[in-house]
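Asks: build me a structure from this.
(3 chains)
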Amino acid sequence: MAQPTSIPEAWQAVLNEPQLRAVTHGPGPLLIIAGAGTGKTRTIAYRVAWLISQGVAAERILLLTFTRRAAQEMTSRARHLSGRSTSEIWGGTFHAVANRLLRTYGRAVGLDPGFTVIDEGDAADLLGIIRTELGLSSKDKRFPRKSTIREIYSKVVNVRLPLKEVLERDFPWCVEAEAGLKEIFTRYTARKQAKRVLDYDDLLLFWSGLLDEPGLRAQLDRQFEHVLVDEYQDTNLVQAEILQKLRRDNRNITVVGDDAQSIYSFRGATVKNILDFPKQFPGATVVTLEENYRSVGPVLAVANAVMSRARARYTKNLWSNRQSKLLPALITCRDEPEQCQVVCDQILEHLEAGIRLQEQAVLFRAGHHSDMLEVELARRNIPFHKYGGLRFVEAAHVKDLVAFLRIVENPRDEVSWFRVLELLDGVGPKTARSVIDRLDAGGFRLADLASVPMPPAADAEFRSLVEVLAALESSAHGVASQVEMLRRFYEPFLPRLYDNPQPRARDLEQVENIARRYRSRQSFITDLTLDPPDSTADLAGPPHKDEDFLILSTMHSAKGCEWKVVYVIHAADGMIPSDMATEDEDGVEEERRLFYVALTRAKDRLYVLFPLRYYHRKYRMADTHLYAQLTRFVEPDDLPLFEQRVVRYGTVEPVAESGDGWTDIRARIDRLWQ
DNA sequence: TGTAACTCCCCTCCG
DNA sequence: GGGAGTTACA
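Replies: Numbers count the residues shown, from 1 in each chain, chains lettered A, B, ... in the order given. Purely as a prediction, here's the structure:
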């Protein structure tokens, strides 16, 4: 390494003391506990810039983040700081880096570099196919549905517990299926191997496996001189294992995280990773960042109150020098339409006061919680971009289109074959199966398709499918024109398959637009799976300068973001915490952290809203409206931290500061209806 | 025998 | 709005 240089003076003015210590830390393992809004991104960016200034080559830095966007932001900030190119940095998610490494070194562990990556939906489909083959889907005894089978599989792989234990602990209603599941899982792994397919979990497992090859391990160890990991509280066991294998010499590893923000245990993430880091990497230095630069005091007071009742945790309370006399608002609405109105009114009020829409965000627990609000926003011509929730690439018609490309890329991809063949009029599971079996026998050559017999009803469509595939296979066209060809072929299917063909057709044009950015079909397909466009903004291309839009986001997707004004809607028990998560204490605790993440996104103004009545489809047989309770994470003692408001027929009324408990407010509202 | 049409049920969060 | 299961038709 080059001789150490001194710390630029400008840096000392910008970074506080613990940040500076973290940035210039030497070769030993480093754990940065970074509370919400404490300048984590800044610290990592400066550390990367520091390493580069110390003579570390950019291509020898591995920066693992939660999203590709986060990696890009950090590397571009590091580029500005260091004045050197950072484009060679290995930055991205664990999955994306695994993909890249496996394409290069996969052969060493017996992996064909032409593998395709399948998402959860495809994985579930494949498990479903196997379940049918094994005759486990017969109706006499109930067997878990394919998406549940996938969840169980993923859990077993990620938490490294025996199937029996996972079933007893997390899926007690599936205990009887244990033998069948074992059989399915065995076939599943064999099938993935035969079809050259990897699921999300495999990417990590194969990367880990790669590091068990002594020669490769040494090579990768040299290649990555420094490893930095962001959002470490949301990594799982396999990811921690990868890091340990990468850093057997216990040097040059930096992890950053906040145990109070761990919100991905449903994905197998374990907060143990961050808590045990000093044990796993002996001699680790721990730097804690507690000064919050983001939020005003009253916002932090609410967040701290919510967190103060959490069980064991690492971090202390956050503090801030940013003063404000305005308390966060706790707004009780009669029902959901009123909640929508209040949010829209408030947004426009702030807009008129000079706060751009992009500086305002509405956060919610589940993607569909914003459905009604989206309608109201559209009605009032308030533009918005939504993050999280059901994603574009998961829509059936987009998956259909991509399935064609996957087939051409990897003719062994059984799941895609099923998907494509069943689109044809007159083709069901049986016919599809027989076509695939025939292809299998011939080694999956597209050329064999021409001789495959078809039921007369489907024959014409099948022949034109064969033509299209052949044209694609031999095509020298770019990815976008390949997509265009497919679109022309597939679009006529839409009216028969779906009842809203027009918007779907427009989506397909978007797929074509995205494809323009890619040179190879393979990277296009892989990116759609590993780094899908996560908002309507990503689809529209770079925004115009004067374009302004409100942000709607799930609380999960809000991680790492900040806005001047934040509205947390549906802050009622059953939504926050989600009633799916309230069966055990751990689940509730994770929901608490999630709520905490949402609250700490706000810089200046925070609004917590909830409707007193809401419509619940599940119970539509009876009274369609249920009564809601304020989220349990706000307790009566916390109420003085808020400015309370009640909405009555569209009019907002302040609640007198009389120390009224929550129950009183509700009684007051009840009286309004009578 | 295999596909289409119909009904009922359930619906988190994400790479 | 989609998946799973059931029934009706070719």
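Asks: what sits against the closest residue to A:Leu126 other than its chain neighbours?
Replies: Excluding the flanking residues, the one nearest A:Leu126 by Cβ to Cβ, 6 or more residues apart in numbering is A:Val415, at 5.1 Å. (Glycine included, C-beta is placed from N, CA and C.) Applying Cβ atoms under 8 Å, 6 or more residues apart in numbering to A:Val415 gives the contacts A:Ile118, A:Asp122, A:Asp125, A:Leu126, A:Ile129, A:Val197, A:Ala403.
Asks: does the third one lie in a helix or a strand, and which?
Replies: This means A:Asp125. When secondary structure is defined using DSSP states H and E, the element that contains A:Asp125 is helix A:120-133.
Asks: neighbouring contacts of that helix?
Replies: With contacts defined as Cβ under 8 Å, 6+ apart, helix A:120-133 is touched by A:118, A:137, A:143, A:146-147, A:149-150, A:153, A:180, A:184, A:187-188, A:191-192, A:197, A:199-200, A:394, A:399, A:414-416, A:418-419, A:429.
Asks: thinking again about what came up before, check the offset of the helix or strand hosting the residue nearest to A:Leu126 from the chain's centre.
Replies: Taking DSSP H and E as the criterion, the element that holds A:Val415 is helix A:414-421. Relative to the centre of its chain, helix A:414-421 is centred 26 Å away, using Cα atoms, centre = their mean, to the nearest Å.
Asks: ditto for stretch A:367-378
Replies: Centroid separation between stretch A:367-378 and its chain, computed with Cα atoms, centre = their mean, is 20 Å.
Asks: does it reach DNA strand B?
Replies: Yes - contact of stretch A:367-378 with DNA strand B is found when judged by Cβ under 7 Å from any atom of the strand, involving A:Gly367, A:His368.
Asks: same question, stretch A:441-454
Replies: No - contact check for stretch A:441-454 against DNA strand B, using Cβ under 7 Å from any atom of the strand: none in range, with a minimum separation of 9.6 Å.
Asks: gap between the two ends of that stretch?
Replies: Distance between the two ends of stretch A:441-454: 17 Å, counting by Cα to Cα, to the nearest Å.
Asks: what's in contact with it?
Replies: Surrounding stretch A:441-454, the residues in contact under the criterion Cβ under 8 Å, 6+ apart are A:408, A:411-412, A:427, A:431, A:435, A:438-439, A:462, A:466, A:469-470, A:473.
Asks: which of the contacts of helix A:120-133 fall in strands?
Replies: A:Ile118, A:Val197, A:Asp199 (DSSP state E).
Asks: so which of the residues you listed wins on neighbours?
Replies: Neighbour counts for these were taken using other Cβ atoms under 10 Å; the highest belongs to A:Asp199, with 25 neighbours.
Asks: what's the nearest residue to that residue if we skip its chain neighbours?
Replies: The spatially closest residue to A:Asp199, leaving aside those adjacent along the chain, is A:Ala123, at 4.5 Å (Cβ to Cβ, 6+ apart).
Asks: so what's the residue count around that neighbour?
Replies: Residues contacting A:Ala123 under the criterion other Cβ under 10 Å number 25.
Asks: now do A:Arg142
Replies: 12.
Asks: likewise for A:Ser82?
Replies: 18.
Asks: residue contacts, it?
Replies: For A:Ser82, the contacting residues are A:Val48, A:Ala49, A:Ile52, A:Ser53, taking Cβ under 8 Å, 6+ apart as the criterion.
Asks: can you check A:Asn250 too?
Replies: If you count contacts by Cβ under 8 Å, 6+ apart, A:Asn250 has them with A:Gly28, A:Pro29, A:Phe281, A:Pro282, A:Gly283.
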